[in-house]
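Visitor: pasting a predicted model and its sequence here:
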Amino acid sequence: MILMYRFASIIAKADGSISDTEQKWLKELLKLSELDKDSQEKEESNKNDDSYKIEDNEEALTKHKSEATERIYPSLQSNAQEELEALIGLTNVKEEIKTLANFIKIQQKREAKGLKTSQLSYHCVFTGNPGTGKTTVARIIAEIYKELGVLQKGHLVETDRSGLVAEYIGQTAVKTNKIINSALDGVLFIDEAYSLYSSSDNDYGKEAIATLLKRMEDNRDRLVVILAGYTNEMKEFIDSNSGLQSRFNRYIEFPDYSAEELYKIFEFKANEFDYTISDSAQKRLISYFNTIVNKNDENFGNARFVRNFFEKTLEQQANRLASQSFLTIQQLTEIKLEDIIIDD
């Protein structure tokens, strides 16, 4: 169609001028050529776009389940020690990790001098409530291990029971091995790991544990595993299996954030997105976080709660400002007392 338009254009111009009728027909040909081009491009796009391919139902279901139960974090590509120090709170956690890193460095120097070295397990158990920074710190440890030459890639693969345990006999080992393969040369982070254990003989979590322990032995130079979950549940889980006991002897406890630290997290999020906090709003926030901490609710989400509360605060500020026609930078950036909505 494009070639036809070009040919017609040449013929029309042959006498040195284009009549109104010729102009009309050329415009129609141009429209048709553009429509034809768009149609060809869309057809080509459909051929190349996986979303247009017809997948086998079982393969599609497996793919979607995998996406929902596995998250891969690339290496931080930054100074891991600086990332660690920049975290709010977690003083004891930071000290534990520094000690671990220093021990690895000294053992490597002893080995270089031909001295005997102590056998070291790089695997860890992170205990504590949700939202206390366990996944973030796991990413930093993965990067530290990379910087020290313990791991080649230093990426983190996060999963849980649903990413390891299948619904039918014989499938759990395959599913677990697939996740482990993606974590080789990096860190496998299993959240709520205690959910893998069950006293029931029909539960396939035991198969996942057995597969994991075997791969930890077979790939001990390429795989680091971090298990995470509530403190008491994790202790019971590790104690339930001698293989877990022998491989996991480094426990790092993540405490709940204090009211002051929760406010600092809120303030950090505000600065990150170019917001300021008025004095009255600041006082309201600190008072609210003190009340929340004193309740000692076991379901409290710590930093996760603060992030959600911050987003609701921005929504409330948007509602307050939406009816105003002319807004200054100060108005757009300031979080005021009336934006802090506290549910009873």
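Guide: That came in fine, so what should we check first?

Visitor: I'd like to know how many residues surround residue 187.
Guide: The number of residues packed near residue 187 is 27, by other Cβ atoms under 10 Å. No exception for glycine: its C-beta is placed from N, CA and C like everyone else's.

Visitor: ok, now which ones touch it?
Guide: 138, 141-142, 145, 151, 154-157, 224-226 (Cβ atoms under 8 Å, 6 or more residues apart in numbering).

Visitor: filter the residues you listed down to the buried ones, ChimeraX style.
Guide: Typed into ChimeraX, the next command selects the buried ones out of the contacts of residue 187 (criterion: 16 or more other Cβ atoms under 10 Å):
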select :138,141,142,145,151,154,155,156,157,224,225,226
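
Visitor: tell me the two of the contacts of residue 187 that are most distant?
Guide: 154 and 225 (14.6 Å; Cβ to Cβ).

Visitor: picking up where we left off before, now, the contacts of residue 187 that are in helices?
Guide: 138, 141-142, 145 (DSSP state H).

Visitor: a markdown table please, covering those residues and showing pLDDT.
Guide: Listed next are those as a markdown table, based on pLDDT from 0 to 100:
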| residue | pLDDT |
| --- | --- |
| 138 | 97 |
| 141 | 96 |
| 142 | 96 |
| 145 | 96 |
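
Visitor: lowest average confidence, helix or strand, in this structure?
Guide: helix 57-69 (a mean of 39; mean pLDDT, DSSP states H and E).

Visitor: next structured bit after it?
Guide: Later in the chain than helix 57-69, the nearest helix or strand by DSSP states H and E is strand 70-73.

Visitor: and residue 237, that one's in a helix?
Guide: Yes: under DSSP: H, G, I helix; E, B strand; the rest coil, residue 237 sits within a helix.

Visitor: what is the neighbour count of residue 267?
Guide: Residue 267 has 18 nearby residues by other Cβ under 10 Å.

Visitor: excluding chain neighbours, what is closest to it?
Guide: residue 277 (6.6 Å; Cβ to Cβ, 6 or more residues apart in numbering).

Visitor: touching, that neighbour and residue 285? I think so.
Guide: Yes: using Cβ atoms under 8 Å, residue 277 is in contact with residue 285, at 7.2 Å.

Visitor: common neighbours of these two, please.
Guide: Between them, residue 277 and residue 285 share the contacting residues residue 266, judged by Cβ under 8 Å, 6+ apart.

Visitor: got the contact list for the helix or strand harbouring residue 315?
Guide: Assessed by DSSP H and E, residue 315 sits inside helix 303-321. Identification of contacts with helix 303-321 by Cβ under 8 Å, 6+ apart yields 130-133, 257, 262, 265-266, 269-270, 273, 275, 292, 301, 327, 331-332, 335-336, 338-341.

Visitor: now do the buried residues in that helix.
Guide: Of all the residues in helix 303-321, those buried under the rule 16+ other Cβ under 10 Å are 303, 305-306, 309-310, 313, 316-317.

Visitor: cool, and stretch 256-271?
Guide: Under the neighbour-count criterion of 16+ other Cβ under 10 Å, stretch 256-271 has 256-257, 259, 261-267, 269-270 buried.

Visitor: report the two of these separated the most.
Guide: Comparing the members of the buried residues of stretch 256-271, the greatest separation, given Cβ to Cβ, is between 256 and 270, at 21.6 Å.
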